[in-house]
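**Student:** sequence first, predicted model second:
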Amino acid sequence: MTQIILVRHGETEWNVKEVFRGRIDIELSETGLKQAQLLAKYLSDIEIDAIYSSPLKRALTTAEMVASYHKLKVEIAPGLIDFDYGEWQGLPHQEVRDKYRRLYAQWLNRPDRVRMLAGESLDEVRKRAMKVVDKVIAKYQGSVVLVSHRVVNKVLICALLGLDNSHFWNIRQDTCGITSFTYENEQFILTKHNDTSYLGVSKAPLSDF
């Protein structure tokens, strides 16, 4: 049996300000660093065999904090890199809504049919991210942590549940949220979703952004 632990990176200033991030390599905020520290401590009692991360700093820093408790080296997985929002990257949410009205409406209503201008589609995210999962279940029998991003994790959760990408907005994962699956007898079983209990309730959750 293999346990897949999907983790979203800690908070950044762009999460709070609702700026589209994508491939722009921004750092964790002070809050995000604290979240990652709490995450690492929370996972410290679990026996972890490997930790894979998106190459972007916000995910990699989160992963390295988890790895520090387990004396593991983080494996960089390009397939876990954030969604390529193309022309939307670096733009505030409101500006995107105003400037790209038709595409934005489609993103809200049929995200599975969207290809970002100068970016990618959710199908492309699914293909590259699932290659990482396939590699993990072929190599490990224990617990493996995958640290990635909101869009990537939501797409992976849909895939592991056997849902297509039209269900993208039916899934939510907050910053530093943990979603776990076990893989046994060629089947993925959801065992935990969007666990942020270890962060406490001192701060109101952000929107799904």
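**Tutor:** Structure's in. What do you need?
**Student:** mind listing what's buried in the biggest helix by length in the chain?
**Tutor:** In the chain, assigned by DSSP state H, the helix with the most residues is helix 122-139. Neighbour-count burial for helix 122-139, with 16 or more other Cβ atoms under 10 Å as criterion, is recorded at 122, 125-126, 128-129, 132-133, 136-137. For the C-beta atoms, the positions are set from N, CA and C on the backbone; glycine is no exception.
**Student:** likewise stretch 103-120?
**Tutor:** Result for stretch 103-120 [16+ other Cβ under 10 Å]: buried residues 103-104, 107, 111-112, 114, 116, 119-120.
**Student:** then stretch 75-84?
**Tutor:** Buried residues in stretch 75-84 (16+ other Cβ under 10 Å): 75, 77, 79-84.
**Student:** same question for stretch 55-63.
**Tutor:** Applying 16+ other Cβ under 10 Å to stretch 55-63 flags 56, 58-63 as buried.
**Student:** what's that stretch in contact with?
**Tutor:** Outside stretch 55-63, the residues that touch it by Cβ atoms under 8 Å, 6 or more residues apart in numbering are 7, 9-10, 12, 21, 23, 25-28, 32-33, 36, 39, 51-54, 74, 76-78, 80-82, 145, 147-149, 176.
**Student:** pull out the buried members of those residues.
**Tutor:** The neighbour count (16+ other Cβ under 10 Å) marks 7, 9-10, 12, 21, 23, 26, 28, 32-33, 36, 39, 51-54, 74, 77, 80-82, 145, 147-149, 176 as buried among the contacts of stretch 55-63.
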